[in-house]
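**Student:** Next one to model:
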Amino acid sequence: MKHSPYEAAATQQDAVESLWAATAPPGPPLVPLAADVRADVAIVGAGFTGLSAAVHLAEAGVDVAVVEAHDPGFGASGRNGGQVIAGLKYDPDELERRFGAAVVHTAASGPDLVFELIRRFDIVCAAVRSGWIQPAHTRALNATVRGRAEQWARRGADVRVLDAAQVHALIGSDRYLGGWFDARGGTVQPLAYARGLARAAVQLGARVFCNSPVRELTRQADRWHLQTVQGSVSARRVILATNAYSDTLHDPLRRSVVAVPSYQVATAPLDSDLLRTILPGRQGVSDTYNLLRYFRLDSAGRLIMGARGLYGSRSDAESMRSHDAALREIYPQLGSPRYEYRWSGYVAMTADHLPHLHDIEPGLYAALGYNGRGVAMATMMGRLVARRAVGATDSDFSYPASPLKPIPLHRFSRLGVRATVSFLRMKDYQQSVRGDAP
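**Tutor:** Numbers count the residues shown, from 1 in each chain. Down below sits the predicted model:
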């Protein structure tokens, strides 16, 4: 089995230590798989999806084994912005029209599940549930987000519409024309959260193996066989939880998502004067640009900015320049910020912008494709795919399984991402020169 180019690139990127890797508490002591073991359910991947599935299965008394190619949280789970956001890319009216009210409830409940697991297992991950803000940078998008807030409010969510002055007071920037506030959201230290889930899974009796990439997946009679370099797992059911870091272990699954680079920077801790006005409530923020920017503070007062990254050898320098420009645009009061950390990773994007739950073959399941909202939704999908693996039927389910459909011409996906980024960058520029943005 060949390694995915995304995994190889991510390994190389780890040479530049992320803020999360530098500040997360250690995870549980783990060892590579070095024997032939049996389990009721085997899970490939120890990110939010796989670890959430392991926790829920182990709590139910299921014998579960998790095999991870690196360490828990190595991929997108340990590299993301740590924003815990309710909902999906589609507004609730559209979700309900297409899939029913149960799917809306499931998407809305992700943050509740995250913070409940953190509380129940005493996970130390700098969790702050002070809400999430989506500020709008044009008049048209301000109307869109107001409608979004009103749709959630009709369903009883604790949300409110914000005018420009309120956004300025909450964020500390006059770059936006309005927005909305969602009290369901919050922030976590994502790698610490992943390691905490791994510790909880182990405490509940799950076996979690690190540095054990699965080289081959085969079906033998009524059991699946996962072969690693030094050992193997035999299980009746398997959950593939590899998301953007999927490789040719199951190539149709890899080709069902596009791995899109994301890049983040973190400043040195801001001084007390700046912290009185920049995100004083410690909310997470994701704006409405076509190439959206997401930002927040960490527990030490560092300002973290994330946005779309780039492929290729020049990605670090170019991404660093664009992130610095965006941060200065939003917060000119920073002057020339000093950066302590920069890092990147991959986000799994689906063709329909929705997470996917798959019954691939009898006893083989997958959940992936969180489109930038992975903290809450991957945790939720881990619980759902765990239920699927122990026999839940469609009538028991609050999220539909879908057929596995590889994206046509997937080999050209990087070219497509580059073209899309260029197009969206042009649209953002046109909005600003037309005067739609402040």
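
**Student:** What helix or strand is the closest residue to residue 193 other than its chain neighbours located in?
**Tutor:** When the adjacent residues along the chain are set aside, residue 193 lies closest to residue 125, with 4.1 Å between them (Cβ to Cβ, 6 or more residues apart in numbering). All C-beta spots, glycine's among them, are computed from the backbone N, C-alpha and C. Here residue 125, judged by DSSP states H and E, is contained in no helix and no strand.

**Student:** measure residue 125 to residue 311 for me?
**Tutor:** Residue 125 sits at a distance of 30 Å from residue 311 (criterion: Cβ to Cβ, to the nearest Å).

**Student:** go on, residue 175?
**Tutor:** Per Cβ to Cβ, residue 175 is found 28 Å from residue 311.

**Student:** now swap in residue 78 and tell me
**Tutor:** For residue 78 relative to residue 311 (Cβ to Cβ), the value is 21 Å.

**Student:** same check, this time on residue 318
**Tutor:** From residue 318 across to residue 311, the span is 10 Å (Cβ to Cβ).

**Student:** Compare those two and say which is more crowded by neighbours.
**Tutor:** Each of residue 318 and residue 311 has its neighbours counted (other Cβ atoms under 10 Å); residue 311 has more, 17 against 13.

**Student:** Give me the pLDDT value at the more buried one.
**Tutor:** Confidence at residue 311, expressed as pLDDT, is 73.

**Student:** Assign a three-state SS to the nearest residue to it once chain neighbours are set aside, would you?
**Tutor:** Computed as Cβ to Cβ, 6+ apart, the closest residue to residue 311 that is not its neighbour in sequence is residue 414, at 5.5 Å. Under DSSP: H, G, I helix; E, B strand; the rest coil, the three-state class of residue 414 is helix.

**Student:** What is the neighbour count of residue 414?
**Tutor:** Using other Cβ under 10 Å: residue 414 sits among 16 other residues.

**Student:** Please renumber the chain so that the first residue is 807 from this point on.
**Tutor:** Sure, I'll start numbering at 807, so the last one becomes residue 1220.

**Student:** any idea of the mean pLDDT for stretch 889-909?
**Tutor:** Here stretch 889-909 scores 96 as its mean pLDDT.

**Student:** List every C-alpha atom in it, with coordinates, as PDB.
**Tutor:** What follows is stretch 889-909, C-alpha atoms only, in PDB (Å, rounded to 0.1, in the frame of the first residue of the first chain):
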ATOM      1  CA  GLN A 889     -13.800  26.100  16.900                       C
ATOM      2  CA  VAL A 890     -16.800  24.100  18.000                       C
ATOM      3  CA  ILE A 891     -19.600  25.100  15.700                       C
ATOM      4  CA  ALA A 892     -23.200  24.000  15.500                       C
ATOM      5  CA  GLY A 893     -24.900  23.100  12.200                       C
ATOM      6  CA  LEU A 894     -23.600  22.400   8.700                       C
ATOM      7  CA  LYS A 895     -22.900  24.400   5.600                       C
ATOM      8  CA  TYR A 896     -26.500  24.400   4.700                       C
ATOM      9  CA  ASP A 897     -29.000  26.500   6.700                       C
ATOM     10  CA  PRO A 898     -31.500  24.600   8.800                       C
ATOM     11  CA  ASP A 899     -34.500  25.300   6.500                       C
ATOM     12  CA  GLU A 900     -32.600  23.700   3.600                       C
ATOM     13  CA  LEU A 901     -31.400  20.800   5.700                       C
ATOM     14  CA  GLU A 902     -34.900  20.100   6.900                       C
ATOM     15  CA  ARG A 903     -36.400  20.300   3.400                       C
ATOM     16  CA  ARG A 904     -33.800  17.800   2.100                       C
ATOM     17  CA  PHE A 905     -33.400  15.400   5.000                       C
ATOM     18  CA  GLY A 906     -36.000  16.100   7.700                       C
ATOM     19  CA  ALA A 907     -35.900  17.700  11.100                       C
ATOM     20  CA  ALA A 908     -33.900  14.900  12.700                       C
ATOM     21  CA  VAL A 909     -30.800  15.800  10.700                       C
END
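
**Student:** Pull the distance from that stretch to the chain's centre.
**Tutor:** From the chain centre to the centre of stretch 889-909 is a distance of 17 Å (Cα atoms, centre = their mean, to the nearest Å).

**Student:** Mind listing residues that contact that stretch?
**Tutor:** 910, 913-917, 920-921, 935, 938, 953-954, 957-958, 961, 963, 988, 990-994, 1090, 1092, 1100, 1102, 1159-1161, 1177, 1179, 1181-1183, 1204-1206 (Cβ atoms under 8 Å, 6 or more residues apart in numbering).

**Student:** In it, which residues are buried?
**Tutor:** For stretch 889-909, a neighbour-count test (16 or more other Cβ atoms under 10 Å) marks 889-899, 901-902, 905, 909 as buried.

**Student:** can you check stretch 843-857 too?
**Tutor:** For stretch 843-857, burial by neighbour count (16+ other Cβ under 10 Å) applies to 843, 845, 847-857.

**Student:** avg pLDDT for that stretch?
**Tutor:** For stretch 843-857, mean pLDDT is 98.
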